[in-house]
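>>> how would this look folded up:
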Amino acid sequence: MRVLGIESTEARGGVAIVEDGRLVLEVLLPEDRAHGRLLVPLARAALERAGWKVPDLDRVAVDRGPGSYTGIRIGIAIAKTLSLSLDVPAAGLDRFDLVAARVSLTGRFAPVLDTRRGHVGTALFERAAPGQPARRLTEDLSLTPAELLVRIQLENPVGA
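Alright, predicted model coming up:
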C-alpha cells in the first residue's frame with residue numbers, strides 16, 4: 001500500500017511517503033508557516049523523488065491535530081482533494097497517537113504540546129514492553145502544566 005502522509009499542524013509542515021508500512025521519504029517545508037503556498041508542490045516533488053506518480057497512491061493520511069488551526073484545515077483540504085480526485089481513502093490521524101507510535105518509551109508517558117495561554121495539550125499512553133504498540137489511556141487533554149503533573153501522578157503514582 002502506498003500512502004502520502006501530510007503534516008500541517010506544526011509551524012514547519014511536511015510530507016512522508018510510506019510503502020507497505022516502511023518510510024520511503026520524508027521532506028519538511030523549507031520555511032515556517034508556508035503550508036498553503038508550498039505543501040502541494042512539496043508533495044509533488046516528494047512523489048517524483050520516490051519515483052511515484054500521484055495516481056500511484058492507495059491512501060492519503062493527514063495529521064488532524066491538535067495544532068495550528070489554519071494548518072490543520074490546509075492539510076485536511078489537501079487530503080480530501082486528493083482522496084476525492086483519486087478515489088482513494090483518506091485517514092485523519094491524531095497527533096499524539098502519531099508521536100506515541102514513533103517513540104520507543106515503555107511504561108506510562110505523555111507527549112506534550114505547548115498550546116499557549118498557560119496550557120499544554122497531551123494524552124496519556126502506556127507501552128508494556130519494547131516493540132509493542134502504545135495503548136492510549138486518555139482522550140486528548142488540555143491542562144495547565146501543574147494539572148498535567150497531578151494527572152500523571154494520579155494515573156501512575158510514584159512507587160506503584
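
>>> do I have it right that His119 meets Ser142?
Yes: counting by CB atoms under 8 Å, His119 touches Ser142, with 5.2 Å between them. Using the backbone N, CA and C atoms, a C-beta is placed for each residue, glycine as well.

>>> tally of neighbours for Cys72?
Just to correct that, residue 72 is Ile rather than Cys. For Ile72, the count of nearby residues is 20 (other CB atoms under 10 Å).

>>> list the contacts for it?
8-9, 63-65 (CB atoms under 8 Å, 6 or more residues apart in numbering).

>>> ok, now Gly118?
Contacts of Gly118 by CB under 8 Å, 6+ apart are Thr144.

>>> so where is the protein shaky, pLDDT-wise?
Residues of the chain that meet the criterion pLDDT under 70 lie in 155-160.

>>> buried residues in the helix or strand hosting Ala77?
Element membership for Ala77 (DSSP states H and E) is helix 69-86. Judged by neighbour count (16 or more other CB atoms under 10 Å), helix 69-86 contains these buried residues: 71-72, 74-76, 78-79, 82-83, 86.

>>> which of the residues you listed lies closest to Ile17?
Leu82 (13.1 Å; CB to CB).
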